[in-house]
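**Q** what follows is a predicted protein model with its sequence.
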Amino acid sequence: MKTAPKKSPLRILLLGGTTEASALAEFLAGAPNVSATLSLAGRTTNPPASTLATRIGGFGGIAGLSHYLRDQKIDLLIDATHPFAARISANAVDACRACGVPLLAVERPPWTPVPGDDWIEHDTVETAIAALPAEAQSVFSGLGRQAIDALRLAPQHRYLIRVVDPIELPPDLWHCELLTARGPFRTGDDARLFADYDIRYVLSKNAGGSAAYAKIEAARQLGLKVHIVRRPALAARTTVQSADEAMAWISQHHRSRSDLGV
Ligand code: NAP
């Protein structure tokens with residue numbers, strides 16, 4: 001009896017750094033006839049462990065990513081980075097176009113205000129910080145480590161800054177406090193935290209998803225104003241909203257590729 005020729009594995013590059021990417025990594029690690037690599041920027045010191053082969057660090061812009069796609073003979077790129085990771089996402093669009101590699105982006109829906117929310121929306125981290133009141137306040141910053149320098153735009157406030165990894169605050173931010181914690185967070189915990197620190201304002205990116213939503217719910221419970229940063233605009237690309245949808249899309253892509261005998 002003749003055996004069917006063995007199909008070459010589907011080679012996937014998964015850009016990560018999110019809970020969706022972690023779920024997809026586990027899915028791809030167990031998927032038959034798939035050879036996938038998870039790519040992380042290397043921003044956090046202890047990223048969640050993955051069973052998938054992992055590379056860490058930037059590619060070197062569009063040219064570097066294009067070189068990687070060609071060199072590694074990547075068949076499909078999945079961008080499951082954070083909605084605020086605009087540079088790598090733009091690079092992925094350009095590199096995939098240059099190399100003729102299909103691109104799928106996982107983009108969780110943004111949060112939308114519900115009754116009881118008191119939001120002011122901003123286009124940038126800087127405008128959100130600059131919009132805080134003139135008189136000194138206790139402010140919670142959930143904007144992340146990369147936004148710490150911008151807090152100098154409104155230095156009169158006492159900031160409680162939550163980050164994933166311990167870092168040293170610059171000396172001129174001596175009046176701020178650093179809190180090291182990795183989500184997911186719980187609403188009750190964040191509400192207690194805000195009450196303990198007498199927080200009056202919350203700074204947040206519109207990250208979407210559930211892991212970081214606790215601060216938004218806690219602010220609602222306590223009647224706090226939230227200065228929230230809108231997402232950066234990204235180039236048009238094929239997009240799904242969740243890891244589950246991405247898994248279905250990949251399986252479909254894999255099937256049609258096999259049907260073509262690739
Ligand atoms: P970014 O501004 O879009 O990217 C800056 C540079 O970092 C990119 O040009 C690329 O360097 C490198 N890079 C980013 N993500 C990468 C990845 N997954 N694999 C390899 N290189 C990557 O990104 P960012 O805002 O700094 O975010 C960095 C990482 O943290 C991302 O993986 C993102 O998912 C995660 N994250 C970001 C946020 C946020 O608020 N921005 C929040 C949570 C998690 P080269 O140009 O040299 O390739």
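**A** Nice, I can see it. Numbering: from 1, shown residues only.
**Q** and L104, helix, strand or coil?
**A** At L104 the chain is in strand, as set by DSSP: H, G, I helix; E, B strand; the rest coil.
**Q** got a list of what Y213 touches?
**A** Contact analysis of Y213 by CB atoms under 8 Å, 6 or more residues apart in numbering lists 111, 187. C-betas here are computed from N, CA, C, even on glycine.
**Q** can you list the buried residues in stretch 218-237?
**A** 218-220, 224-229, 231, 234, 237 (16 or more other CB atoms under 10 Å).
**Q** what does stretch 187-201 give?
**A** 187, 190-191, 193-194, 197, 199-201.
**Q** can I get these in CSV including secondary structure and pLDDT?
**A** Shown next, in CSV, are these (DSSP: H, G, I helix; E, B strand; the rest coil; pLDDT from 0 to 100):
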residue, secondary structure, pLDDT
T187, helix, 98
D190, helix, 98
A191, helix, 98
L193, helix, 98
F194, helix, 98
Y197, coil, 98
I199, coil, 98
R200, coil, 98
Y201, strand, 98
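**Q** and which of these is nearest to the ligand?
**A** D190 (17.3 Å; CB to the nearest ligand atom).
**Q** do I have it right that the closest one meets A211?
**A** No: in this structure, D190 is not within contact of A211 by CB atoms under 8 Å, at 11.9 Å.
**Q** can you pull the residues that touch both of these two?
**A** Shared contacts of D190 and A211 (CB under 8 Å, 6+ apart): none.
**Q** those residues of this protein touching the ligand, which are they?
**A** The chain has residues 15-18, 39-41, 43, 58-61, 64-65, 81-82, 84-88, 91, 144, 205 near the ligand, with proximity defined as CB under 6 Å from any ligand atom.
**Q** what segments of the stretch 51-200 of the chain are helices?
**A** 61-71, 86-99, 125-130, 187-196 (DSSP state H, counting those that start in this stretch).
**Q** and the strands in this protein, which stretches?
**A** Along the chain, the stretches classed as strands by DSSP state E are 10-15, 34-40, 53-56, 76-79, 103-106, 119-122, 138-142, 158-163, 177-180, 201-205, 225-229, 238-240.
**Q** and the residue in the stretch 51-200 of the chain positioned nearest to the ligand, how far is that from G17?
**A** Residue of the stretch 51-200 of the chain nearest the ligand, by CB to the nearest ligand atom: G58 (2.3 Å). Relative to G17, G58 is positioned 12 Å away (CB to CB, to the nearest Å).
**Q** which one's more surrounded, these two?
**A** Per other CB atoms under 10 Å, whichever of G58 and G17 has more neighbours is G17, with 20 against 13.
**Q** any chance you could list residues touching both of G58 and G17?
**A** Counting by CB under 8 Å, 6+ apart, the residues touching both G58 and G17 are A41.
**Q** need the pLDDT of T127.
**A** As predicted, T127 sits at a pLDDT of 98.
**Q** ok, P5 next?
**A** At P5, the pLDDT value in this model is 58.
**Q** what about H157, how many neighbours?
**A** With other CB under 10 Å as criterion, H157 counts 21.
**Q** let me see the backbone angles for it.
**A** The phi and psi values for H157, taken as degrees, to the nearest 10, are phi -90, psi 160.
**Q** distance check, D196 against I62.
**A** Distance from D196 to I62, by CB to CB: 46 Å.
**Q** on that earlier part again, from the buried residues of stretch 218-237, which shows the smallest pLDDT?
**A** Lowest pLDDT among these: L234, with 93.
**Q** touching, that one and A90? I think so.
**A** Yes: the pair L234 / A90 is scored as a contact, 6.8 Å apart, by CB under 8 Å.
**Q** between the helix ranked longest in the chain and strand 10-15, how many degrees?
**A** For the chain, the helix that runs over the most residues, judged by DSSP state H, is helix 243-259. Angle between the axes of helix 243-259 and strand 10-15 is 150 degrees (criterion: axes from the mean of the first three to the mean of the last three CA atoms, to 10 degrees).
**Q** how far does the helix or strand bottoming out on mean pLDDT in the chain sit from its chain's centre?
**A** Of all the helices and strands that make up the chain, helix 243-259 has the lowest average by mean pLDDT, DSSP states H and E, namely a mean of 86. Here helix 243-259 shows a centroid-to-chain-centroid distance of 23 Å under the convention CA atoms, centre = their mean, to the nearest Å.
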